[in-house]
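Novice: sequence first, predicted coordinates after that:
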Amino acid sequence: MVRLNDLPEFGLALAPADQAMLGRDGLGELQEFLQHVGAAHATRLVSLPDLAQRLDLGAVLVKDEGGRLGLGSFKALGGAYAVATLVREAAAKQLGRPVAFADLDRPEVRAIAGGLTFGCATDGNHGRSVAWGAQLVGAKAVIFVHGGVSAGRVDAIASYGAEVVRVAGSYDDSVADAARVCGEHGWTVVSDTSWPGYEQIPALVMQGYTRMVSEALGQVARPPTHVFIQAGVGGVAAAVAAHCRLVFSEADRPRIVVVEPARAACVLAAAEAGEVVRLPHGEPTVMAMLECQEASRIAWRVLARSADAFMTVDEADAVAAMRCLAWPGGEDQAVTAGESGAAGLAGLLRVAEDGQMRAALGLDGQARVLLFVTEGATDPARYRELVA
């Protein structure tokens with residue numbers, strides 16, 4: 001399914017705050033943070049020429065986030081960056097002077113961080129990033145996970161010293177529980193989704209994600225004509241769409257196609273309704289990192305103005321895409337992609353075999369498609385089971 005964007009907001013200028021956070025101006029502080037943690041190098045960009053030929057496309061390019069900061073996903077860029085930024089702000093306020101990322105290891109700053117607790121809800125990867133960020137600065141982390149989060153992902157979060165709290169119900173139930181418990185204890189919620197009155201911290205998380213797309217655009221020989229990007233609450237899709245909107249002219253801007261699981265298509269639901277809506281919790285999806293019932297409001301504000309199309313993929317589509325990357329055939333390099341990480345390719349494969357969808361998106365033999373494998377095998381046992 002593909003729904004082209006005919007919303008009245010489409011094409012309007014992004015809000016000034018979104019432009020400041022998600023364009024080139026926000027990349028400087030990200031670079032300082034990555035230099036502080038010794039991880040300023042880019043993740044790899046993989047060209048898949050044999051796959052492009054099979055799909056009758058000019059190029060298929062994959063940004064592989066499986067090696068990002070040793071955490072296995074692009075989420076490493078968001079939660080940890082937000083935690084470090086919030087500690088800087090708290091320390092600057094208490095010390096009465098500016099605090100840089102390079103100061104985070106100073107005893108007086110770590111003493112302040114030690115009195116802070118950060119909480120969040122997660123499907124796995126965001127919580128791992130927040131936990132790592134808290135460990136990095138000497139703060140505490142309490143991570144809320146719903147019943148669908150695998151034991152392997154819970155263990156990965158706990159390995160960074162975080163307390164993990166199991167919540168009955170869905171991801172959105174864990175979001176509500178995290179907000180309630182953190183409010184009761186005076187902890188800081190570091191969420192990758194936003195709601196009325198809560199936007200500053202999700203915006204920091206999204207700002208972290210712009211590093212991924214900025215790197216990718218710097219690694220390609222020619223700019224992409226299309227980007228297929230997956231969405232849970234919409235944060236990474238919005239970061240990609242906004243950054244492309246801000247660094248390209250309108251004539252050169254790639255078309256942004258947002259891909260979601262059919263079982264959890266909250267961004268598509270917003271596109272159909274013209275506003276954020278809450279979906280009922282239904283059958284779980286294999287794309288567990290994308291299983292969300294309500295889009296982030298700040299993300300939707302950006303996507304309503306910047307994304308060209310919204311589509312869904314089925315469970316079998318995601319597994320087929322994982323196997324396509326794991327066993328590419330020909331001379332193409334293999335790429336390890338988790339279930340959610342392969343969703344963008346799943347969308348491309350579905351469009352490529354449908355003449356009407358190809359025509360609607362202008363996906364012809366000259367198209368250069370950029371994909372983001374947003375996670376590697378963050379649950380190795382599950383990965384081996386699915387690609388076998």
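Specialist: Okay, I see it.
Novice: and Ala84, how many neighbours does it have?
Specialist: If you count neighbours by other CB atoms under 10 Å, Ala84 ends up with 25. Where you see a C-beta, it was placed from the backbone N, CA and C, and this is true even at glycine.
Novice: same deal with Leu55?
Specialist: Leu55: 20 neighbours (other CB under 10 Å).
Novice: what about stretch 372-388, distance to the chain center?
Specialist: Centre-to-centre, stretch 372-388 and its host chain are 16 Å apart (CA atoms, centre = their mean, to the nearest Å).
Novice: ends of it, what's the gap?
Specialist: Counting by CA to CA, to the nearest Å, you get 22 Å between the two ends of stretch 372-388.
Novice: any idea of the mean pLDDT in it?
Specialist: Average pLDDT, stretch 372-388: 90.
Novice: likewise stretch 234-251?
Specialist: 96.
Novice: buried stuff in it?
Specialist: 234-247 (16 or more other CB atoms under 10 Å).
Novice: tell me where the chain has strands.
Specialist: Taking DSSP state E as the criterion, the chain carries its strands at 2-4, 45-47, 59-64, 117-122, 140-146, 163-167, 188-189, 226-230, 255-261, 309-313, 368-373.
Novice: could you say what helices and strands the fourth one packs with?
Specialist: Using 3 or more CB pairs under 8 Å, 6 or more residues apart in numbering; DSSP states H and E as the contact criterion, the secondary-structure elements in contact with strand 117-122 are helix 79-95, helix 125-137, strand 140-146, helix 171-185, strand 188-189.
Novice: now it and strand 163-167, what's the angle there?
Specialist: 40 degrees (axes from the mean of the first three to the mean of the last three CA atoms, to 10 degrees).
Novice: give the pairing partners of strand 117-122; include direction for each.
Specialist: strand 140-146 (parallel), strand 188-189 (parallel) (DSSP bridges).
Novice: please apply the same query to the last one.
Specialist: For strand 368-373, the paired strands and their directions (DSSP bridges) read strand 59-64 (parallel), strand 226-230 (parallel).
Novice: contacting residues for the residue lying closest to Gly148 once chain neighbours are set aside?
Specialist: Leaving aside its chain neighbours, Gly148 sits nearest to Pro284 (5.3 Å; criterion: CB to CB, 6 or more residues apart in numbering). Pro284 sits next to Gly148, Arg263, Glu291 when contact means CB atoms under 8 Å, 6 or more residues apart in numbering.
Novice: any figure for the gap between Pro284 and Ser170?
Specialist: 9 Å (CB to CB, to the nearest Å).
Novice: overlap in contacts, the two.
Specialist: Common neighbours of Pro284 and Ser170 (CB under 8 Å, 6+ apart) are Gly148, Glu291.
Novice: show me what the lengthiest helix in the chain is packed against.
Specialist: Using DSSP state H, we find that the single longest helix of the chain is helix 200-219. Packing partners of helix 200-219 (3+ CB pairs under 8 Å, 6+ apart): helix 16-22, helix 27-36, strand 45-47, strand 59-64, helix 79-95, helix 235-247, helix 297-306, strand 368-373.
Novice: hmm, back to that, export the strands paired with strand 117-122 to a markdown table and tack on mean pLDDT?
Specialist: Shown next, in a markdown table, are the strands paired with strand 117-122 (pLDDT from 0 to 100):
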| stretch | mean pLDDT |
| --- | --- |
| strand 140-146 | 96 |
| strand 188-189 | 96 |
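Novice: and among those, the most buried is which?
Specialist: Neighbour counts (mean count of other CB atoms under 10 Å) averaged over each of these peak at strand 140-146, with a mean of 24.
Novice: for that one, which outside residues touch it?
Specialist: In contact with strand 140-146 (CB under 8 Å, 6+ apart) are residues 114, 116-124, 127, 130-131, 133-135, 153-154, 157, 160-171, 173-175, 177-178, 181-182, 187.
Novice: just to check, Trp195 is in contact with Ala299?
Specialist: No - the criterion here is CB atoms under 8 Å, and Trp195 misses it with Ala299 at 11.5 Å.
Novice: those two: which is more packed in?
Specialist: Using other CB under 10 Å as the criterion, Trp195 and Ala299 rank with Ala299 on top: 29 against 16.
Novice: just give the nearest non-adjacent residue to that one, would you?
Specialist: In space, Ala299 is closest to Gly234, 3.4 Å off (CB to CB, 6+ apart).
Novice: still on that earlier bit, save the helices and strands packed on helix 200-219 as CSV, and put in distance to Val258 too.
Specialist: Below are the helices and strands packed on helix 200-219 laid out as CSV (distance: least, CB to CB, whole Å):
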stretch, distance to Val258
helix 16-22, 16
helix 27-36, 23
strand 45-47, 21
strand 59-64, 16
helix 79-95, 21
helix 235-247, 5
helix 297-306, 7
strand 368-373, 12
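Novice: closest one to Tyr209 among the ones you listed?
Specialist: Taking CB to CB, helix 235-247 is the member of those nearest to Tyr209, at 3.8 Å.
Novice: what about dumping the CA coordinates of that closest one to PDB?
Specialist: Only the C-alpha atoms of helix 235-247 are listed here, as PDB (Å, rounded to 0.1, in the frame of the first residue of the first chain):
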ATOM      1  CA  GLY A 235      11.400  10.000  14.900                       C
ATOM      2  CA  VAL A 236      14.100   8.600  12.600                       C
ATOM      3  CA  ALA A 237      11.900   9.100   9.500                       C
ATOM      4  CA  ALA A 238      11.300  12.700  10.500                       C
ATOM      5  CA  ALA A 239      15.000  13.300  11.100                       C
ATOM      6  CA  VAL A 240      15.900  11.900   7.700                       C
ATOM      7  CA  ALA A 241      13.100  13.700   5.900                       C
ATOM      8  CA  ALA A 242      13.800  17.100   7.600                       C
ATOM      9  CA  HIS A 243      17.600  16.900   7.000                       C
ATOM     10  CA  CYS A 244      17.100  16.100   3.300                       C
ATOM     11  CA  ARG A 245      14.500  18.900   3.100                       C
ATOM     12  CA  LEU A 246      17.000  21.400   4.600                       C
ATOM     13  CA  VAL A 247      20.200  20.500   2.800                       C
END
